[in-house]
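Peer 1: here is my input, please return the structure:
(chains A and B)
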2 protein chains.
Amino acid sequence: MEKDFGGFKGVLIIGLGLIGGSIAVSLKKEGFKGKIYGFDLSEERVKTALEMGAVDEAFTDLKEVPWDKIDLVIIATPVKTFEKVAHQIKPFLKESTVVTDVGSVKGELVEKLERIFYPNRFIGAHPIAGTEKEGIENAVEGLFRGKKLILTVDNEDESTKRLEQFWVDLGSRVEVMDPHTHDFVFASVSHLPHAVAFALVDALIDLSKETGIDLFLYPGAGFKDFTRIAASSPVVWKDIFIENKESVLHTIDMFIRSMEKLKKYIQDEEEDRLVELLSEIREKRLSLEKEG
Amino acid sequence: MEKDFGGFKGVLIIGLGLIGGSIAVSLKKEGFKGKIYGFDLSEERVKTALEMGAVDEAFTDLKEVPWDKIDLVIIATPVKTFEKVAHQIKPFLKESTVVTDVGSVKGELVEKLERIFYPNRFIGAHPIAGTEKEGIENAVEGLFRGKKLILTVDNEDESTKRLEQFWVDLGSRVEVMDPHTHDFVFASVSHLPHAVAFALVDALIDLSKETGIDLFLYPGAGFKDFTRIAASSPVVWKDIFIENKESVLHTIDMFIRSMEKLKKYIQDEEEDRLVELLSEIREKRLSLEKEG
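Peer 2: All right, here's what the predicted structure looks like:
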């Protein structure tokens, strides 16, 4: 069956960064027949997007966008700007245009955006894909192929099914989850690991200062992989941590509890308990390998 | 110049696991002309080592080892067994035989071993290389090529220089460090990251139980890399944590402090401080990329 990308013919990507850019180049690669429009406040990013051939047309002024041709808007700006962007584009939308996003925090934000866009349909979406790089110049063709994409909807309607098809045709494995469960899950498997990586590098900076030994000259096996994500964008992550504050703080508390438990076992030299704990952890981690 | 591996002609590797096995197969690969002997309590590992051609001869009984041909002994058993092994092999050693190890904890243990082996020379060594796998069947040719090796000696003598040449000829970049500094450095850059990875997986197990959602079904980008080392050997790591207890507990405390700082900034929504902190961390992490 030929791909129809949910029947969308004119896609506007707002925010020409890594994810927005990767959607554009992936659409071209996967055989999208419609038009791809880009919007960004930065002249330079608009120029880069056009030069790369990622988009067919691109704008820095919302008034110049050919709104009658747009039937899908993808908000790919930082999460923190979503509400502002929503209020700015809302007056321009045709009634049938579907709006979505690619943000990694959902929860109440999705509920707010659904209200702002009504009667237009807003559908929260979160592609579980990315790199620690930034900017459209680092856009990756096929970034979403084989990756999960979470649609955060309570009930599936016609628009949801079209958006699902859009992402399936980009190669994603689509899953549906309610917005609050989504936030808890990603606080646990993404936001917490990032917080931990940031804190680990921070601790090594402090330990280096304390002793006058530059510990960063001794990155042992695994250390680089481990802290690779600590090089992620400070502004993006500041926003995510604060937007998803409640879930993030809960997972940090649980993590500190685990760290304290491990510390206590070491302090008390509880050899059997340590081996038992590390074995359970190892088994869980190895089960991930199998699932691929 | 032809490699002479420090002039050693008969090398006995005690403990035919991943590291011991990798030394054996790497010696063969790098053109070692002497004989390689292996010792292990397990018949099966001895059999595997011989079948792989990793060693020329191998034994499960110390009395059968041709001690007069051995001029270098490498202890490659778990750190915890070092003292026992030392007492067992000491009566057999020729006076000129040099003894070394490949353990990741030094400190007082090295001082103890120096005393036990006297008048034989014991030189602590720690190759910064490994995988999360175990066993001689996973031995890697060239595992030490381009990797650091730390010799924990206070003053360099003839034997130290020979051992240094041995490791240089295996492709290692040799560095000298006093045993206590070594333990602090590796607590920071290796033992702490392992503790953190273990605790992270443990927290996710607890969070999954708490909510009834199997979080391990959603390993986000970076998560697998991040927790890869949590699959490391429980017994090896229990030993390392306890052997290097003092330094490990200190680095865990510093890390929890960093985690609490990050938590506080998120809780109080201190956006500027968060961005400043994450930027400093990012810069430090990126500087590692450059050093390669």
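Peer 1: okay, which residue is most central for chain A?
Peer 2: residue A:104 (4.2 Å; CA atoms, centre = their mean).
Peer 1: tell me the contacts of that one?
Peer 2: Taking CB atoms under 8 Å, 6 or more residues apart in numbering or on different chains, we find residue A:104 in contact with A:79, A:126, A:186, A:190-191, A:240, A:244. C-betas here are computed from N, CA, C, even on glycine.
Peer 1: which of these are close to chain B?
Peer 2: Among the contacts of residue A:104, the residues that sit close to chain B (CB under 8 Å from any CB of the partner chain) are A:186, A:190.
Peer 1: okay if I get the contacts of residue A:104 as TSV plus distance to residue B:216?
Peer 2: Listed next are these as TSV, based on distance: CB to CB, whole Å:
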residue	distance to residue B:216
A:79	25
A:126	18
A:186	14
A:190	13
A:191	16
A:240	21
A:244	20
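Peer 1: on that earlier part again, over to the residue nearest to the centre of chain A. Which of the three states is it?
Peer 2: Judged by DSSP: H, G, I helix; E, B strand; the rest coil, the three-state class of residue A:104 is coil.
Peer 1: any idea how far residue A:237 is from it?
Peer 2: According to CB to CB, to the nearest Å, residue A:104 and residue A:237 sit 10 Å apart.
Peer 1: in the stretch 151-292 of chain A, which spans are helices?
Peer 2: Remark: helices assigned in the stretch 151-292 of chain A by DSSP state H, counting those that start in this stretch are A:158-169, A:179-186, A:192-211, A:223-227, A:234-243, A:245-267, A:271-291.
Peer 1: excluding its backbone neighbours, what's nearest residue A:112?
Peer 2: Nearest residue to residue A:112, sequence neighbours excluded (CB to CB, 6 or more residues apart in numbering or on different chains): residue A:83, at 6.5 Å.
Peer 1: in the helix or strand that neighbour falls within, what counts as buried?
Peer 2: Per DSSP states H and E: residue A:83 is located in helix A:82-89. Residues of helix A:82-89 classed as buried: A:82, A:85-86, A:89 (neighbour count, 16 or more other CB atoms under 10 Å in any protein chain shown).
Peer 1: got the buried residues for the lowest-mean-pLDDT helix or strand in chain A?
Peer 2: Across the helices and strands of chain A, mean pLDDT, DSSP states H and E gives its lowest value to helix A:223-227, namely a mean of 76. Neighbour counts over helix A:223-227 (16+ other CB under 10 Å) mark A:223, A:225-227 as buried.
Peer 1: list the contacts for residue A:46?
Peer 2: Applying CB under 8 Å, 6+ apart, we find residue A:46 in contact with A:16, A:38-40, A:58-60.
Peer 1: buried members of the residues you listed into PyMOL, please.
Peer 2: Here is the PyMOL command that selects the buried residues among the contacts of residue A:46 (16+ other CB under 10 Å):
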select buried, chain A and resi 16+38+39+40+58+59
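Peer 1: inside strands: which ones of the contacts of residue A:46?
Peer 2: Residues of those located in strands (DSSP state E): A:38-39, A:58-59.
Peer 1: near chain B too, which of these?
Peer 2: Among those, no residue lies close to chain B (CB under 8 Å from any CB).
Peer 1: pLDDT below threshold where in chain A?
Peer 2: A:1, A:220-222, A:290-292 (pLDDT under 70).
Peer 1: break it into its domains for me.
Peer 2: Residue ranges for the domains of chain A, per automatic domain parsing: A:5-177, A:182-291.
Peer 1: if we can go back for a sec, which pair of the buried residues of helix A:82-89 spans the longest distance?
Peer 2: A:82 and A:89 (10.7 Å; CB to CB).
Peer 1: quick revisit: a markdown table for the buried residues of helix A:223-227, including distance to residue B:143?
Peer 2: As requested, those are arranged in a markdown table below (distance: CB to CB, whole Å):
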| residue | distance to residue B:143 |
| --- | --- |
| A:223 | 17 |
| A:225 | 17 |
| A:226 | 19 |
| A:227 | 22 |
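Peer 1: quick one: which of those is nearest chain B?
Peer 2: Nearest to chain B, judged by CB to the nearest CB, of the buried residues of helix A:223-227 is residue A:225 at 4.3 Å.
Peer 1: picking that back up, name the helices or strands packed onto the least confident helix or strand of chain A?
Peer 2: helix A:192-211, helix B:192-211, helix B:223-227, helix B:271-291 (3 or more CB pairs under 8 Å, 6 or more residues apart in numbering or on different chains; DSSP states H and E).
Peer 1: buried ones in the first one?
Peer 2: The reference is to helix A:192-211. A:192-208.
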